[in-house]
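Asks: How does the following fold in three dimensions:
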Amino acid sequence: MGTSVFCTQNLHGYSLQFSPFQADRLICATSQHYGLSGRGALFLLSILPNEQPKLLSQLNWDDGLFDVAWSEENPEIVISASGDGSLQLWNVGQNVPRLVYKEHSKEVYGVDWSKTRQEQLFLSASWDCTVKLWNPVQPHSLSTFVGHTGIVYSAVWSPLVHGTFASVSGDGSLQICNITAPQNPVLKVAAHQGAEVLSCDWCKYQEHILVTAASDGLIRGWDTRKLQVPIFHQIGCERAVRKVQFSPHQRSVLAAVSYDFSTRIWDFKNCAEPIETIKQHTEFVYGLDFNLHVPGQLADCAWDSLVCVFTPKTLIDQFVLQRPRALHMQK
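Replies: As a prediction, the model looks like this:
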């Protein structure tokens with residue numbers, strides 16, 4: 001497993017994402033002083049085979065940046081989420097945001113852009129216990145979703161079900177919503193009782209399946225048709241699981257990063273234990289993403305200021321060259 005590494009120099013990694021348009025583009029959101037105070041920045045990187053990542057541009061903001069998402073319509077546009085309660089719409093070739101959206105009353109911790117051209121919208125998840133729905137060309141939100149009683153850490157669009165998203169919270173719950181009914185969650189379950197749920201993700205191949213990850217170190221799989229009990233458990237992390245994500249190339253593979261400094265790979269149809277554990281950081285690992293265009297390739301980032309791009313050994317020979325239907329049918 002060859003690893004390419006980029007250092008963000010005294011800015012600590014919180015989130016990253018490969019471009020949905022270009023295999024060799026990666027953007028990372030960072031914060032100064034571990035996100036407790038100070039400024040933030042986005043690092044746009046070029047990722048080429050057999051080379052170390054190269055900096056293409058650095059976009060600075062006056063407060064910490066906790067998340068970033070690429071537009072699914074324009075390969076030059078990203079949206080970032082900040083500790084000052086605002087979101088910033090950037091053209092990656094310009095030094096100042098094109099638009100700044102400010103309605104949340106506390107930190108914005110998560111942002112996600114819709115996966116189909118029919119709904120060019122994005123979501124923001126905040127410490128003010130709400131999720132907001134935005135149209136990028138409008139200065140004010142379209143809807144505010146309530147129902148959580150704790151910090152909302154993440155809100156993620158379904159790639160297969162139009163207008164549907166999942167959100168998770170410090171109150172231990174998983175909530176499923178549709179944009180047509182902002183005041184009434186479609187489904188809600190106590191996903192990790194006594195723990196904060198920090199991340200969730202949808203399966204790219206089965207529309208009813210999603211996962212949650214929590215401060216209890218557990219990953220749980222759910223079927224929205226029968227939410228009473230989890231359909232699988234993945235174990236192995238020694239501390240909180242900060243980010244979980246399904247592979248876009250293999251139906252039953254998922255990855256997660258943890259406060260135990262690790263990135264782990266599971267095959268949930270095989271066993272509950274990880275099939276590979278990667279420890280290449282010396283601090284909490286926060287960000288994680290699969291490269292849609294390069295099967296098996298991942299990137300992660302951590303509070304040690306390192307961005308790592310790599311292909312786990314277990315995925316090199318196992319991937320199936322099959323791209324998720326929903327993510328490409330609209331491109």
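Asks: is it true that residue 142 touches residue 135?
Replies: Yes - using Cβ atoms under 8 Å as the test, residue 142 is close enough to residue 135 to be in contact (5.9 Å). Backbone N, C-alpha and C define where each C-beta goes, glycine included.
Asks: Which neighbours do these two have in common?
Replies: Residues touching both residue 142 and residue 135 by Cβ atoms under 8 Å, 6 or more residues apart in numbering: residue 121.
Asks: need the contact list for the residue in the chain sticking out farthest from the centre.
Replies: Going by Cα atoms, centre = their mean, the residue of the chain most distant from its centre is residue 50, 26.0 Å out. Going by Cβ under 8 Å, 6+ apart, residue 50 touches residue 2.
Asks: what helix or strand is it on?
Replies: Using DSSP states H and E, residue 50 falls within no helix or strand.
Asks: what's the spacing between it and residue 106?
Replies: Using Cβ to Cβ, to the nearest Å, residue 50 is found at 44 Å from residue 106.
Asks: can you pull out the strands in the stretch 1-150 of the chain?
Replies: Along the stretch 1-150 of the chain, the segments classed as strands by DSSP state E, counting those that start in this stretch run 3-7, 11-18, 25-32, 40-46, 54-61, 65-70, 77-82, 86-91, 99-102, 108-113, 122-126, 131-134, 143-145.
Asks: how about the ones you listed, which one is nearest residue 289?
Replies: strand 11-18 (5.0 Å; Cβ to Cβ).
Asks: tell me the mean pLDDT for that closest one?
Replies: For strand 11-18, the mean per-residue pLDDT is 98.
Asks: Which strand residues bridge residue 263?
Replies: According to DSSP bridges, the residues that bridge with residue 263 are residue 257, residue 278.
Asks: Quick check, it in contact with residue 254.
Replies: No - using Cβ under 8 Å as the test, residue 263 is too far from residue 254 to be in contact (11.5 Å).
Asks: In contact with residue 163: list those residues for me.
Replies: Counting by Cβ under 8 Å, 6+ apart, residue 163 has contacts 119, 178-180.
Asks: Which among these count as buried?
Replies: 119, 178-179 (16 or more other Cβ atoms under 10 Å).
Asks: Okay, and the beta partners of the closest residue to residue 19 other than its chain neighbours?
Replies: Spatial nearest neighbour of residue 19, excluding adjacent residues (Cβ to Cβ, 6 or more residues apart in numbering): residue 25 at 3.7 Å. Residue 25 has these beta-bridge partners by DSSP bridges: residue 46.
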